[in-house]
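J.: could you work out the structure for the sequence below:
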Amino acid sequence: MNNKVFFGVALALLFLIGLATFFVGRIPHVASLIGTNNLVVLALAEEKIRLQVAISQGCASSWLRESFLPEPAIALAPGARHAHPGLQQDLDGLTAQLDSSVVLIFGKHSLGTGFFISPDLIVTNRHVVDAEAGGSLWVTNRVMKKIMEAKLVTKSPSSNIMQADFAVLRLDTPVPATTALTIVKDPVRLSSVVAAGYPGVVVRTDAGLKNLLNGNSGQAPETVLTIGEVSVVQPQANGIKLVIHTAEISPGNSGGPLVDQCGQVVGVNTFVMEADHANSKILYSLSAETLQDFLTNHGIPFKTTAEPCHRRPEKRA
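T.: This is a model prediction of the structure:
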């Protein structure tokens, strides 16, 4: 480093230290705010002496070099990411898992999302089923490569907001290529989550949906994934729990999973509420434990685990 740079920076620090020493010793309210006036003045004086010694050594001063030289930059190959090893593999694995486990549910009057809990059983919201009013429901995704009819197995007593709003569908033929998601305990605040589904405002521009509507049963829109964090888990007086989060959802996401970094279900995306007097909205999922209670009460088996998730997917700008 150039000696002139050292001297310029060091002299500026000496000036500031001297100025601080002067004011601390002479302005009562400054001293009272700091607390122990004498100790502060002594510390400043010692720092001044150390800086004077460093200036006399110039570029040979190791203290000055450590204080003012920037940390060496890390050279990255073109297109490389500064990330932990295995991070991209985790992200790719999570994406592939959700592509195979999350399905588009549609009918003459309905559009929603669901997810496999076994090769032939799918969880969704009751209000997705009710929208079809007894008509046929169909499911598909890009991994299935075909459209299959789904029959209602059971549903919750109500689809009202702030109530348990679940339905289970069954396929006549199991789909081995799909991934059954594991349902775990409720998430903690600020934990990272991913919402997976088929929001209508997004998938309507997907060429896969256009091809599907034109009769190509081997086509399907791509699963839409959004990353966010859990804001709070709220128990309600009726026994259900709501997971409020920031992973963007909109109409069409209903019935889709909210998953942790390992692709384990921590909630079922169900409704959105506009915030009063603010240009924002609150995103709600029914909690995983509320879903577990529903499935258990109806004798429907599901996968679960107490193993904690340690994966950390990458957040892209």
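J.: low-confidence ranges, the stretch 1-150 of the chain, go.
T.: Applying pLDDT under 70 to the stretch 1-150 of the chain flags residues 1-89.
J.: brain fart, the stretch 151-300 of the chain
T.: Checking the stretch 151-300 of the chain against pLDDT under 70 turns up 277-278.
J.: same thing but 80
T.: 213, 275-279 (pLDDT under 80).
J.: that one: helices as residue ranges?
T.: In the stretch 151-300 of the chain, the helices defined using DSSP state H, counting those that start in this stretch lie at 200-203, 207-213, 288-297.
J.: tell me which of the ones you listed sits most buried.
T.: helix 288-297 (a mean of 19; mean count of other CB atoms under 10 Å). Placement of C-beta: from N, CA and C, glycine included.
J.: other SSEs contacting that one?
T.: strand 241-245, strand 265-274 (3 or more CB pairs under 8 Å, 6 or more residues apart in numbering; DSSP states H and E).
J.: and it with strand 241-245, angle?
T.: 140 degrees (axes from the mean of the first three to the mean of the last three CA atoms, to 10 degrees).
J.: export helix 288-297 to PDB, keeping only CA atoms.
T.: Taking C-alpha atoms only, helix 288-297 is exported to PDB below (Å, rounded to 0.1, in the frame of the first residue of the first chain):
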ATOM      1  CA  ALA A 288     -49.800 -30.000   8.800                       C
ATOM      2  CA  GLU A 289     -51.000 -31.200  12.300                       C
ATOM      3  CA  THR A 290     -54.600 -30.100  11.500                       C
ATOM      4  CA  LEU A 291     -54.300 -32.200   8.300                       C
ATOM      5  CA  GLN A 292     -52.900 -35.200  10.200                       C
ATOM      6  CA  ASP A 293     -55.900 -35.000  12.600                       C
ATOM      7  CA  PHE A 294     -58.300 -35.100   9.600                       C
ATOM      8  CA  LEU A 295     -56.600 -38.000   7.900                       C
ATOM      9  CA  THR A 296     -56.300 -40.000  11.200                       C
ATOM     10  CA  ASN A 297     -60.000 -39.400  12.000                       C
END
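J.: now it against strand 265-274, angle please.
T.: 120 degrees.
J.: which residues are contacting helix 288-297?
T.: 117, 123, 156, 164, 166, 168, 183-187, 239-241, 243, 265-268, 301-302, 304 (CB atoms under 8 Å, 6 or more residues apart in numbering).
J.: mind giving me the ChimeraX command for buried ones among these?
T.: Buried residues among the contacts of helix 288-297 (16 or more other CB atoms under 10 Å), as a ChimeraX selection:
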select :117,123,156,164,166,168,183,184,185,186,187,240,241,243,265,266,267,268,302
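J.: re the thing from before, compare the helices of the stretch 151-300 of the chain and give me the one nearest Met144.
T.: For Met144, the closest of the helices of the stretch 151-300 of the chain is helix 207-213, at 11.7 Å, according to CB to CB.
J.: what's next to stretch 196-210, contact-wise?
T.: Contact partners of stretch 196-210, identified using CB under 8 Å, 6+ apart, comprise 98, 102, 104, 111-113, 115, 142, 219-225, 249-257, 259, 269.
J.: can you select the buried ones from those in PyMOL?
T.: A single PyMOL command selects the buried members of the contacts of stretch 196-210 (16+ other CB under 10 Å):
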select buried, resi 98+102+104+111+112+113+115+219+220+221+222+223+224+225+249+250+252+253+254+255+256+257+259+269
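J.: re earlier: tabulate the helices of the stretch 151-300 of the chain (CSV), appending distance to Ala133.
T.: CSV is the format used below for those (distance: least, CB to CB, whole Å):
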stretch, distance to Ala133
helix 200-203, 19
helix 207-213, 21
helix 288-297, 22
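J.: select the longest strand from this structure.
T.: Across the chain, the longest stretch assigned as strand under DSSP state E is strand 224-235.
J.: so this protein: which segments form each domain?
T.: As assigned by automatic domain parsing, the chain contains the domains 3-68, 87-297.
J.: would you check how far apart Val230 and Leu295 are?
T.: The spacing between Val230 and Leu295, counted by CB to CB, to the nearest Å, is 22 Å.
J.: against Asp92, how distant is Leu104?
T.: Counting by CB to CB - Leu104 and Asp92 are separated by 22 Å.
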